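*Asks:* Dropping the sequence and predicted coords here.
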Amino acid sequence: MDRQTPYSFSRVLSLPYEETLAKVREALKSEGFGVLTEIDVKKTVKEKLNKDFRKYIILGACNPPLAHQVLETEPEVGVFLPCNVLVYEEGSKTVVSAMDPEAAMILVKNDKVNEVAKQVRRKMEKALNAL
């Protein structure tokens, strides 16, 4: 990974935004994630605030079998779902950042949920590394 915070990990790519976004969708799909939600922050900021903003989208990614597993174990875990993946412009580069499911799920204090969070993180890292 190129960057890491206590709650996310990121790749910084020398690719155009649109090309990166397409690659992110494919990489997520290859790891079993579907995109359930999309928030176009640039468009929303323009519509709601009449302000300009960089190209920035939030993808709500979900791996259905793993999500089902944690929801069966701990129904309230749904407040953390889906896993957000950001794609945004940063100068001439594009950043792809994913939430760290392990960091979020550590709050749950349930070993079964934490084990699934590790699996989700591995799959998410694999998707980002494929970019």
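*Replies:* Thanks, I have the structure now.

*Asks:* what are the ranges of the helices in this structure?
*Replies:* 17-30, 41-49, 64-73, 101-105, 111-129 (DSSP state H).

*Asks:* Looking at these, which one is packed in the most?
*Replies:* Mean neighbours per residue, mean count of other C-beta atoms under 10 Å, is largest over the helices of the chain for helix 101-105, with a mean of 19. C-beta here means a position set from N, CA and C on the backbone, and glycine is covered the same way.

*Asks:* and that helix, what other elements does it pack with?
*Replies:* helix 111-129 (3 or more C-beta pairs under 8 Å, 6 or more residues apart in numbering; DSSP states H and E).

*Asks:* go with 10 Å
*Replies:* helix 64-73, strand 83-90, helix 111-129 (3 or more C-beta pairs under 10 Å, 6 or more residues apart in numbering; DSSP states H and E).

*Asks:* Dump these to TSV, plus mean pLDDT and distance to L13.
*Replies:* Listed next are those as TSV, based on pLDDT from 0 to 100; distance: least, C-beta to C-beta, whole Å:
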stretch	mean pLDDT	distance to L13
helix 64-73	96	26
strand 83-90	98	10
helix 111-129	97	10
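
*Asks:* CSV for those, including distance to K23?
*Replies:* Shown next, in CSV, are the helices and strands packed on helix 101-105 (distance: least, C-beta to C-beta, whole Å):
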stretch, distance to K23
helix 64-73, 22
strand 83-90, 9
helix 111-129, 10
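
*Asks:* Relative to E31, which of those is closest?
*Replies:* helix 111-129 (4.3 Å; C-beta to C-beta).

*Asks:* export the closest one as CSV, just CAs?
*Replies:* These are the backbone C-alpha positions of helix 111-129, laid out as CSV (Å, rounded to 0.1, in the frame of the first residue of the first chain):
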residue,chain,number,x,y,z
ASP,A,111,-13.9,-13.1,17.7
LYS,A,112,-16.1,-14.5,14.8
VAL,A,113,-16.7,-11.0,13.4
ASN,A,114,-13.1,-10.0,13.8
GLU,A,115,-12.0,-13.1,11.9
VAL,A,116,-14.3,-12.3,9.0
ALA,A,117,-13.0,-8.7,9.1
LYS,A,118,-9.5,-10.1,8.5
GLN,A,119,-10.8,-12.0,5.5
VAL,A,120,-12.4,-8.9,4.1
ARG,A,121,-9.3,-6.9,4.6
ARG,A,122,-7.2,-9.5,2.8
LYS,A,123,-9.6,-9.4,-0.2
MET,A,124,-9.7,-5.6,-0.2
GLU,A,125,-6.0,-5.3,-0.1
LYS,A,126,-5.7,-7.9,-2.9
ALA,A,127,-8.1,-5.8,-5.0
LEU,A,128,-6.2,-2.6,-4.4
ASN,A,129,-2.9,-4.3,-5.1
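
*Asks:* All set, thanks.
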